[in-house]
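> I would like to see how this sequence folds:
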Amino acid sequence: METDDPTTTDGPLDRQDFETQVTGIAALAEPVRRDLYRFVVAQATPVSRDRAAAGVGVARHTAKFHLDKLVDDGLLVVEFGRPPGRSGPGAGRPAKLYRRSSRELAVSLPERHYELAGRLLAQAVTDAERDGVAVGDALRHAAHAAGQILGERARRQAGKRPSRSALLAAATDVLVECGYEPRNDDAGMFLINCPFHALAQEYTALVCGMNLELMNGLAAGLGLATLAPRLDPAPGRCCVRLGTSTGDAPRERAEEKLA
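Residues are numbered from 1 along each chain as shown. You can find the predicted model right below:
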């Protein structure tokens, strides 16, 4: 069973992306701007300033200001065209028209990555049907492969012939990008946030098992045997703990720990 890199399309937010997303969503807090956005996206064709102004009952110059702000914030895009029935010589300059941007904006605090979970589940169903294996086994395989990609990415970030501390630092950075909020203590590393929290509430064994295999894959990709993931659920944090010493308890299967 082969998997592409499912972690790239889900795109953990860097600082600039986060600020852009927040700005775009915050733009809709202004009532007139929100009304204009709703009007534009409800239309079957791109909308002129005059039509948008009439549609929400504001002056043309007011509509122009807010529509252009929505463009600046990435929520609308501009194209130029003539109204229906006006073409050829004497039709005048093409009008500025607005339509919804294809960009998707979403900010979750704490950070969630439900698209990644969805992609892993879709991969598992596809693989299970193709290869005649159980969906749960296919999901563990897909999650491990995705985690290994993350681990290999972290190993590259750690540089040539990295030390153990450099590998751990790179692993921490990758986990932060994925929304896990890692913390260190005397027993190793634990993860404050679960990027799949809502799913984990309803499908605990399935999602925690997927999380465990993501972390197993991460450790394998890093090539750091002492980073031994195991299930250790507790209130206020993710279900997986990553040990950083050889004395840590052995890994346990999700169905055994969560039964």
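> From Arg119, how far off is Ala134?
Ala134 sits 19 Å away from Arg119 when distances are taken as CB to CB, to the nearest Å. Any C-beta I mention is one placed from the backbone N, CA and C, and that applies to glycine too.
> out of these two, which sits in the more crowded spot?
Arg119 (19 against 10; other CB atoms under 10 Å).
> And the pLDDT for the more buried one?
pLDDT, Arg119: 93.
> Buried ones in whichever strand or helix holds it, by neighbour count?
Using DSSP states H and E, Arg119 sits within helix 114-131. Buried residues in helix 114-131, counted by 16 or more other CB atoms under 10 Å: Leu116, Ala117, Arg119, Leu120, Leu121, Gln123, Ala124, Asp127, Ala128.
> Which helix or strand contains Asn211?
Using DSSP H and E, Asn211 falls in helix 204-222.
> buried residues in that helix?
205-222.
> What helices and strands are in contact with it?
The helices and strands touching helix 204-222, judged by 3 or more CB pairs under 8 Å, 6 or more residues apart in numbering; DSSP states H and E, are helix 114-131, helix 135-157, helix 164-177, helix 197-202, strand 228-231, strand 240-243, helix 254-257.
> Next, the angle from that helix to helix 164-177.
Orientation check (axes from the mean of the first three to the mean of the last three CA atoms, to 10 degrees): helix 204-222 against helix 164-177 gives 140 degrees.
> Can you give the domain ranges for the chain?
15-100, 111-257 (automatic domain parsing).
> Stretch 224-231 spans what distance, first to last residue?
Stretch 224-231 stretches 18 Å from its first residue to its last (CA to CA, to the nearest Å).
> Also stretch 99-112?
Length of stretch 99-112, first residue to last, CA to CA: 28 Å.
> contacting residues for Ser163?
Applying CB atoms under 8 Å, 6 or more residues apart in numbering to Ser163 gives no contacts.
> For the remainder of this discussion, apply numbering that starts at 360.
That works, and once the first residue is 360, the last one we named lands at Ser522.
> ok, now how distant is it from Val533?
Separation of Ser522 from Val533 (CB to CB): 17 Å.
> pretty sure His503 contacts Ala579?
Yes: using CB atoms under 8 Å, His503 makes contact with Ala579 at a distance of 7.4 Å.
> related to what we said a few turns ago, the helix holding Arg478 vs helix 494-516, what angle?
120 degrees.
> now helix 473-490, how far from the chain's geometric center?
Put simply, helix 473-490 sits 16 Å off its chain's centre (CA atoms, centre = their mean, to the nearest Å).
> tell me what it is packed against?
Applying 3+ CB pairs under 8 Å, 6+ apart, one finds that helix 473-490 contacts helix 365-369, helix 494-516, helix 556-561, helix 563-581.
> Tell me which of those sits nearest to Leu434.
helix 365-369 (21.1 Å; CB to CB).
> Show the average pLDDT along that closest one.
For helix 365-369, the mean confidence score works out to 50.
> Then stretch 412-430?
For stretch 412-430, the per-residue pLDDT averages 93.
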